[in-house]
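In: structural data only, the sequence is not supplied:
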């Protein structure tokens, strides 16, 4: 027997273990931005109920496993959270400015699966009737401005003609329209008010953001 042809058993075992440890590419990895945002109806003070797979039992009223409550502290409108689970960490909560956004992992007809902890990715379900869905496009249209994460990213005259791209400085923009992974923007000067020209930028690629956003001036 040719000794060189005998496989190293220890090596094969280690190789097998390494292969088993390689994580598969999941939908969450491909689209970690989710589908958009859920914003609870806080025009009236009510309890936002959280459910655990509410559709698992047909023809039965689901029972909430936790909840989030709202309070009025200093204003005539809801401006704070009264109670939330210990691990609750939404995408953005600033109720004193009327902002409360929870990322939607799965958009549903009756219930949405939402991410209640942005660090761990933990999810729960909420009734679609207890709030409104906001797409990423709608979110950006309501932002004060956006900026490139990578300042070497380019601005284009047309999203279909990428050879016409150019680097601008400062890379500050106000969103005018959103189309797929692209947005038409006003290119702003350093004061964030003066409009220098218009162009198109890519805001998303492979499920990842390419821009930072400023909600307020």
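Out: Arrived safely, thanks for sending. It should be emphasised that the depicted structure is a prediction, and the values quoted were computed from it without experimental measurement. Numbering: from 1, shown residues only.

In: okay, now residue 63: neighbour count?
Out: 10 (other Cβ atoms under 10 Å). (C-beta placed from N, C-alpha, C; glycine too.)

In: regarding it, what is its secondary structure?
Out: Three-state call for residue 63 (DSSP: H, G, I helix; E, B strand; the rest coil): coil.

In: what's the spacing between it and residue 51?
Out: 8 Å (Cβ to Cβ, to the nearest Å).

In: residue ranges of each domain in the protein, please.
Out: Annotated domains of the chain cover 28-134, 139-214 [automatic domain parsing].

In: how far is stretch 79-88 from where the chain is centred?
Out: Between the centre of stretch 79-88 and the centre of its chain there are 20 Å (Cα atoms, centre = their mean, to the nearest Å).

In: model confidence over it, on average?
Out: For stretch 79-88, the mean pLDDT works out to 95.

In: for this protein, just list every one of the helices.
Out: Counting by DSSP state H, the chain has helices at residues 9-21, 27-30, 136-141.

In: least confident of the domains of the chain, on average?
Out: domain 28-134 (a mean of 89).

In: could you find the closest non-adjacent residue to the residue nearest the centre of the chain?
Out: Centroid check for the chain by Cα atoms, centre = their mean gives residue 33 as the closest residue, at 3.8 Å. In space, and not counting its chain neighbours, residue 33 is closest to residue 207: 5.7 Å by Cβ to Cβ, 6 or more residues apart in numbering.

In: shouldn't the one you found be in contact with residue 32?
Out: Yes: contact criterion Cβ atoms under 8 Å: residue 207 and residue 32 qualify, at 5.2 Å.

In: quick one, which of these two is more surrounded?
Out: With neighbours defined as other Cβ under 10 Å, residue 207 and residue 32 compare such that residue 32 has more, 16 against 13.

In: buried sites along stretch 147-163?
Out: 147, 148, 153, 154, 155, 156, 159 (16 or more other Cβ atoms under 10 Å).

In: look up the closest residue to the first one, ignoring the ones flanking it.
Out: Yep, that's residue 147 we're talking about. Nearest to residue 147 is residue 212, by Cβ to Cβ, 6+ apart, at 4.8 Å.

In: the third one too?
Out: In this structure, residue 153 finds its nearest non-sequential neighbour in residue 210, 6.3 Å apart by Cβ to Cβ, 6+ apart.

In: ok, the one you found to residue 165 distance?
Out: From residue 210 across to residue 165, the span is 13 Å (Cβ to Cβ).

In: and what of residue 87?
Out: Residue 87 is 42 Å from residue 165, by Cβ to Cβ.

In: more crowded one of these two?
Out: Neighbours of residue 87 and residue 165, each counted by other Cβ under 10 Å, are more numerous for residue 165; the result is 18 against 11.
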